[in-house]
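Colleague: give me coordinates for this.
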Amino acid sequence: LVDSANCGQVTCNEQTDTTHIARVLGIVDKEVISARKFRVVLDSVNGAGGRVTKKLLAELGCVVSAVNDEPTGLFAHAPEPTAENLIGLCEVVKNKGAEIGFGQDPDADRLAIVDEAGTYIGEEYTLALAAKYIFSKKTGKAATNLSTSRMLDDVAAKAGGQVIRTAVGEANVAAAMLEHNCIIGGEGNGGVIDLRVSPIRDSLVGIALVLQLMAETGKTISRLVSEIGGYYMSKDKFAAEQAESQR
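Modeller: Have a look, this model is predicted:
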């Protein structure tokens, strides 16, 4: 055993929320978004994202209705931000007359969006919408994995950009972004990466970029989604023995 003289110590940094929010605000125009006073519903599934995301939305002048926002770790519904798990969020958006709804997963690296009619848009659109804003400002490269929708390719192509495809996995996407100096990246599971903030998926980045897109264009989220178009994609899981999974 280590004696008391050689024990380490635990340091608690009370500024992490403030520091991270400042980095996210640095990639958008706070005043432009705040002027819109967006009506937003947030479902953080009682995970880690509720506290800091509410602070970000307040900084952006949003009128926020938060559900399942206590960081207890006792998930209010199944944790993945999928259509079947966000039925409640869809209902609240519709009943509150909100302009957009955001659904996070427990560690707040994935983001799903609900439109102003209370319709679940789908995780695949999160990255495409964020990229639509980024590519409206400059052209360059984006990175995503091989299982992400071609909507990102369509958005990039309209701006003369290029998409780099990687093996599945956040680390692979981040590595490609760093190697090729990508201006945006992420995965079709609702994860958005902007290297100006950090080389990891971050739902707060996705939220900020989507709100900036709405604020600058003056368009509803459903209108922006319709402009992107879409592809049919089916995602499912199936059980397999260990030996089968190695084939």
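Colleague: lowest confidence element among the helices and strands of this structure?
Modeller: helix 242-245 (a mean of 70; mean pLDDT, DSSP states H and E).
Colleague: any low-confidence regions in this protein?
Modeller: Scanning the chain for pLDDT under 70 picks out 1, 244-247.
Colleague: and the strands in it?
Modeller: For the chain, the strands defined by DSSP state E cover 39-43, 63-67, 100-104, 111-114, 141-145, 162-166, 184-187, 191-193.
Colleague: by contact count, what packs against the first one?
Modeller: Packing contacts for strand 39-43, counted by 3 or more C-beta pairs under 8 Å, 6 or more residues apart in numbering; DSSP states H and E, involve helix 50-59, strand 63-67, helix 87-96, strand 100-104. C-beta coordinates here come from the backbone N, C-alpha and C atoms, glycine included.
Colleague: TSV for the ones you listed, including mean neighbour count?
Modeller: Formatted as TSV, the helices and strands packed on strand 39-43 follow (neighbours: other C-beta atoms under 10 Å):
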stretch	mean neighbour count
helix 50-59	19
strand 63-67	17
helix 87-96	18
strand 100-104	29
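Colleague: got those as CSV, with distance to residue 151 columns?
Modeller: Output for these, formatted as CSV (distance: least, C-beta to C-beta, whole Å):
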stretch, distance to residue 151
helix 50-59, 24
strand 63-67, 28
helix 87-96, 21
strand 100-104, 18
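Colleague: any idea how far residue 12 is from residue 47?
Modeller: 20 Å (C-beta to C-beta, to the nearest Å).
Colleague: actually residue 7, sorry about that
Modeller: Using C-beta to C-beta, one gets 32 Å for the distance from residue 7 to residue 47.
Colleague: out of the strands of the chain, which is the most enclosed?
Modeller: Comparing these by mean neighbour count (mean count of other C-beta atoms under 10 Å), strand 184-187 comes out on top with a mean of 30.
Colleague: run through who's touching it.
Modeller: Applying C-beta atoms under 8 Å, 6 or more residues apart in numbering, the set of residues contacting strand 184-187 from outside is 126-127, 130-131, 134-135, 142-145, 147-148, 168, 170, 173-174, 176-177, 192-195, 201, 206.
Colleague: and stretch 221-231, by the same measure?
Modeller: When contacts are defined by C-beta under 8 Å, 6+ apart, stretch 221-231 is touched by residues 99-100, 113, 115-117, 119, 121, 124-125, 128-129, 132, 149-151, 154-155, 210, 213-214, 217, 219.
Colleague: out of those, which sit inside helices?
Modeller: 124-125, 128-129, 132, 151, 154-155, 210, 213-214, 217 (DSSP state H).
Colleague: neighbour-wise, which of those residues leads?
Modeller: The residue in those with the most neighbours, by other C-beta atoms under 10 Å, is residue 128 (28 neighbours).
Colleague: what's the neighbour count on residue 235?
Modeller: 11.
Colleague: look up phi and psi at it.
Modeller: In terms of degrees, to the nearest 10, the main-chain angles of residue 235 are phi -120, psi 130.
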